[in-house]
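Engineer: Predicted model, plus sequence, below.
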Amino acid sequence: MAKFEKGILGGFSGKVGTVVGVRWRGTNIMRSLPQRGDYTPSELQLQQRAKFKSVIQFLTPIQRIVGRFFGNEQGDKSPFNLATGYHLSEAVIPDGDGYVMDYPKVLISRGDLRGLTDESMTADANQELILSWMDNSGQGNADANDKLIVVVYSPASKLYQQFDPAGLRSSASASVNLPAYYSGLEVQVWATFVTADEKLAATSSYLGAVTVN
């Protein structure tokens with residue numbers, strides 16, 4: 001890598017012959033192109049790529065929720081980066097030749113707000129899911145007006161439904177209606193609370209799997 005001063009034609013960026021010019025921290029840098037060679041990734045590298053692909057494919061459709069409520073930025077790591085790191089290390093498991101999410105360990109949010117207590121879920125007629133929990137308003141930092149967020153995922157169809165908000169903490173129950181094409185499908189369900197101003201979130205709860213009626 002070499003540093004060069006601007007000549008009569010100025011600096012350059014991009015590839016010229018076998019070198020590439022870039023501007024880095026206010027300085028013009030010139031470096032050689034990387035050598036192409038025969039490279040075979042190791043088995044471990046292939047596994048890591050497969051895990052990463054599975055995690056990103058799962059999280060991206062719910063990025064609007066995960067990217068807002070998965071902790072606070074840490075240096076250059078966004079909440080979505082933190083969520084990706086967590087799921088790579090804790091919530092993805094081998095499945096045949098690939099990887100799938102370990103649904104009970106999946107988190108749609110992570111934070112210090114008080115979460116759901118004694119939560120349960122049942123499937124009702126007409127693609128309706130009924131959720132219930134104990135109203136723990138006033139315990140710790142739990143507030144009656146905290147908003148409930150629910151994510152429903154069908155592994156078979158790879159479809160999501162997001163309910164933001166689905167209700168309030170003080171309601172102690174909520175119902176979410178799924179489209180008709182969910183009928184007969186098994187879905188995985190997660191729920192969490194966030195404050196009314198969305199500045200604080202709870203660590204989400206896994207409500208389990210249920211077949212939609």
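Structural biologist: Okay, I see it.

Engineer: What score does Pro41 have for pLDDT?
Structural biologist: Confidence at Pro41, expressed as pLDDT, is 87.

Engineer: what's around the closest residue to it other than its chain neighbours, how many residues?
Structural biologist: Of all residues not flanking Pro41 in the chain, Arg49 sits nearest, at 7.4 Å (Cβ to Cβ, 6 or more residues apart in numbering). No exception for glycine: its C-beta is placed from N, CA and C like everyone else's. Arg49 has 11 neighbours, counted by other Cβ atoms under 10 Å.

Engineer: Touching, Arg49 and Glu43? I think so.
Structural biologist: No: counting by Cβ atoms under 8 Å, Arg49 stays clear of Glu43, with 10.8 Å between them.

Engineer: Which residues belonging to stretch 88-101 are considered buried?
Structural biologist: Going by neighbour count (16 or more other Cβ atoms under 10 Å), the buried part of stretch 88-101 is Leu88, Ala91, Val92, Tyr99, Met101.

Engineer: Mind checking which of those land in strands?
Structural biologist: Among the buried residues of stretch 88-101, the residues falling in strands (DSSP state E) are Val92, Tyr99, Met101.

Engineer: Nearest the geometric middle of this protein, what residue?
Structural biologist: With distances taken as Cα atoms, centre = their mean, the residue of the chain nearest its centroid is Leu59 (3.7 Å).

Engineer: so that residue sits right up against Phe70, yeah?
Structural biologist: No: applying Cβ under 8 Å, one finds Leu59 not in contact with Phe70, separated by 9.3 Å.

Engineer: Show me the common contact partners of these two, please.
Structural biologist: Phe80, Ala83 (Cβ atoms under 8 Å, 6 or more residues apart in numbering).

Engineer: Show the contacting residues for the closest residue to Pro79 other than its chain neighbours.
Structural biologist: Spatially, and ignoring its direct neighbours in sequence, Pro79 is nearest to Phe70 (4.1 Å; Cβ to Cβ, 6+ apart). Going by Cβ under 8 Å, 6+ apart, Phe70 touches Pro79, Phe80, Leu82, Ala83, Tyr86, Leu107, Ile108, Ser109, Arg110, Ala201.
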